[in-house]
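Peer 1: Sequence first, then the predicted structure, then my questions.
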Amino acid sequence: MFQLPSRSDVLSMALTCRTVHAYAVEYLRFWRVYIDEATAGTLRDCLSLNFPSRFHFIRELTLVPLFDGRLSVFLNSPKTVDFAADIPKHARNLKSLKFASVRLYGSGMQDHLISVFGGVSFFEQLHIAKACADDLAMISKMNAPLSTLALKIFSYTTNSPTFPDLARFSSTLQVLDVSAHRAFFCPRATRCPKMHTLRLRDSVPLVLAHYTAILKHSRD
């Protein structure tokens with residue numbers, strides 16, 4: 001069952017008989033894990049039962065930042081960060097990571113997240129919803145075999161951040177999804193022979209020209 005590629009495949013197998021269903025329930029329950037400040041403690045306790053077996057079920061991890069709607073600011077999320085930092089140590093089947101931006105989880109937290117996630121070598125999908133220069137710098141140092149890279153990039157200064165060098169993922173990257181809000185980029189035209197999907201949003205002709213070069217170099 002660990003080899004099944006999708007959650008729907010596990011669900012289909014779970015419906016075949018009671019024995020498989022009994023085992024698959026937790027598999028389905030922990031396939032997708034969402035961590036926020038309010039539930040981090042409870043979720044940690046739940047996953048720690050029969051340690052570390054439940055961690056092996058995790059395939060997709062999403063970190064939800066703590067937002068104060070009244071003040072319109074993101075608050076410190078120490079429980080979220082501490083728990084998220086522990087998960088890659090035990091969840092060796094983890095494939096997908098989604099978060100807002102390393103800078104949105106609180107003061108002093110971003111270096112910890114960059115150190116942990118930048119060093120993980122088994123992520124296949126990375127989604128960052130409010131990527132900034134710190135996130136892009138982390139990606140440039142990752143050695144994970146990324147097949148999907150989805151970035152909504154925000155420039156918080158007048159200077160556009162440097163787009164990560166895709167050469168690290170050139171042999172595995174299949175999907176590149178980029179939204180460049182308030183930012184202009186000149187990514188290197190790295191040859192990505194397996195890339196089959198390129199999505200661009202909020203872009204400009206200059207940026208399109210550079211991404212088109214990537215596609216041209218992707219063809220044999």
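Peer 2: Sure thing, it's come through.
Peer 1: can I see the domain layout of the protein?
Peer 2: Domains of the chain are assigned by automatic domain parsing as 1-30, 32-217.
Peer 1: Which of those has the lowest mean pLDDT?
Peer 2: With a mean of 62, domain 1-30 has the lowest mean pLDDT of the domains of the chain.
Peer 1: so Tyr105 touches Leu113, yeah?
Peer 2: Yes. With contacts counted by C-beta atoms under 8 Å, Tyr105 reaches Leu113, the gap being 6.6 Å. Every residue, glycine included, has its C-beta placed from N, CA and C.
Peer 1: Just the element for the nearest residue to Leu166 once chain neighbours are set aside, please.
Peer 2: Nearest residue to Leu166 in three dimensions, chain neighbours excluded: Thr190, at 4.2 Å (C-beta to C-beta, 6 or more residues apart in numbering). In this assignment (DSSP states H and E), Thr190 forms part of neither any helix nor any strand.
Peer 1: Check the contact lists of Tyr105 and Leu113 and give me the overlap.
Peer 2: Contact with both Tyr105 and Leu113 is made by residues 81, 99, according to C-beta atoms under 8 Å, 6 or more residues apart in numbering.
Peer 1: Quick check: the gap between His56 and Glu26.
Peer 2: Separation of His56 from Glu26 (C-beta to C-beta, to the nearest Å): 10 Å.
Peer 1: cool, and Gln174?
Peer 2: Separation of Gln174 from Glu26 (C-beta to C-beta) stands at 30 Å.
Peer 1: can you give me the strands in the chain?
Peer 2: For the chain, the strands defined by DSSP state E cover 32-35, 60-63, 66-68, 73-75, 96-99, 125-131, 148-154, 175-181, 197-201.
Peer 1: wait, which of the ones you listed is closest to Arg168?
Peer 2: Closest to Arg168 of the strands of the chain, according to C-beta to C-beta: strand 148-154, at 10.4 Å.
Peer 1: Residues contacting that closest one, please?
Peer 2: Residues outside strand 148-154 that contact it (C-beta under 8 Å, 6+ apart) are 96, 101, 124-132, 135-136, 139, 161, 166, 169, 173-183, 185.
Peer 1: Go ahead and build a ChimeraX selection from the buried members of those.
Peer 2: Filtering the contacts of strand 148-154 down to the buried ones (16 or more other C-beta atoms under 10 Å) takes a single ChimeraX command:
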select :96,101,124,125,126,127,128,129,130,131,132,135,136,139,161,166,169,173,174,175,176,178,179,180,183,185
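Peer 1: Since that was my last question, I'll sign off now.
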